[in-house]
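Undergrad: Could you look at this predicted model? Sequence included:
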Amino acid sequence: MKYSIGFRHSVLKRVLPPSSQSIASVSRDTGVSEQSIRNWIQKVKDGNLPPTSGELSSLHRNSLEKFNLLLKSRTLTNDELGKWLRETGIHSETLKLWEQEVREMMTDKEKRYKEDLKESKQRIKQLEKDLHRKEKALAEVAALLTLKKKADALWGEKEDE
């Protein structure tokens with residue numbers, strides 16, 4: 001079976017120092033044969049294992065990629081999921097972390113939406129209050145102007161000295 005370079009490196013990180021987990025336990029956890037892991041260790045010692053530069057780590061994936069990969073993983077059966085995880089170099093724990101990230105993003109977005117809505121309602125209320133105050137002032141000025149015109153019509157305009 002062909003495993004991705006990223007997956008190989010992640011397995012090797014667990015087997016080699018500083019983690020130094022046993023090959024048998026890592027083999028059981030990942031489903032990779034012990035001999036394959038030993039071959040990968042030998043390739044590392046010989047310098048024949050290619051670097052992971054061509055693959056994206058989970059840190060370098062954007063939210064949309066993570067979401068799409070999560071959706072893809074949900075459509076697969078357990079057997080297909082294991083094969084797909086090995087091919088893509090993703091751990092099942094990483095999928096769980098991504099799912100948690102997506103939930104947190106959705107929760108944060110909902111909180112921001114509610115806060116924005118609350119702020120908008122407060123701003124509308126303040127603007128309506130200001131508008132009402134200005135309408136009253138405008139009505140008062142209009143009434144004063146009308147009274148001035150009537151007074152001028154009755155008594156005549158004052159002449160400036």
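TA: Sure, I can see it. Numbering: from 1, shown residues only.

Undergrad: who's in contact with residue 8?
TA: Contacts were defined as CB atoms under 8 Å, 6 or more residues apart in numbering; by that measure residue 8 touches 40, 49. Where you see a C-beta, it was placed from the backbone N, CA and C, and this is true even at glycine.

Undergrad: Tell me the pLDDT of it.
TA: Note for residue 8: predicted pLDDT of 83.

Undergrad: what comes up buried for the helix or strand hosting it?
TA: In this assignment (DSSP states H and E), residue 8 forms part of helix 5-15. Across helix 5-15, burial judged by 16 or more other CB atoms under 10 Å covers 6-12, 14-15.

Undergrad: ditto for stretch 14-30
TA: In stretch 14-30, counting by 16+ other CB under 10 Å, buried: 14-15, 23, 26-27, 30.

Undergrad: Ok, stretch 91-102 next?
TA: Quick answer for stretch 91-102 (16+ other CB under 10 Å): 91, 94-95, 98.

Undergrad: Mind checking which of those are in strands?
TA: Among these, none falls in strands (DSSP state E).

Undergrad: After the helix holding residue 8, which helix or strand is next?
TA: Next along the chain from helix 5-15, counting by DSSP H and E, comes helix 23-30.

Undergrad: quick revisit: okay, the buried residues of stretch 14-30 in JSON lines with pLDDT and distance to residue 67 next?
TA: Converted to JSON lines, those look like this (pLDDT from 0 to 100; distance: CB to CB, whole Å):
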{"residue": "14", "pLDDT": "85", "distance to residue 67": "27"}
{"residue": "15", "pLDDT": "86", "distance to residue 67": "31"}
{"residue": "23", "pLDDT": "91", "distance to residue 67": "35"}
{"residue": "26", "pLDDT": "88", "distance to residue 67": "29"}
{"residue": "27", "pLDDT": "89", "distance to residue 67": "31"}
{"residue": "30", "pLDDT": "84", "distance to residue 67": "25"}
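
Undergrad: between those residues, which is nearest residue 129?
TA: Using CB to CB, residue 14 comes nearest to residue 129 of the buried residues of stretch 14-30, at 63.7 Å.

Undergrad: can you tell me the average pLDDT over the lengthiest helix in the chain?
TA: The residue-count maximum for a helix in the chain (DSSP state H) belongs to helix 92-155. For helix 92-155, the mean pLDDT works out to 92.
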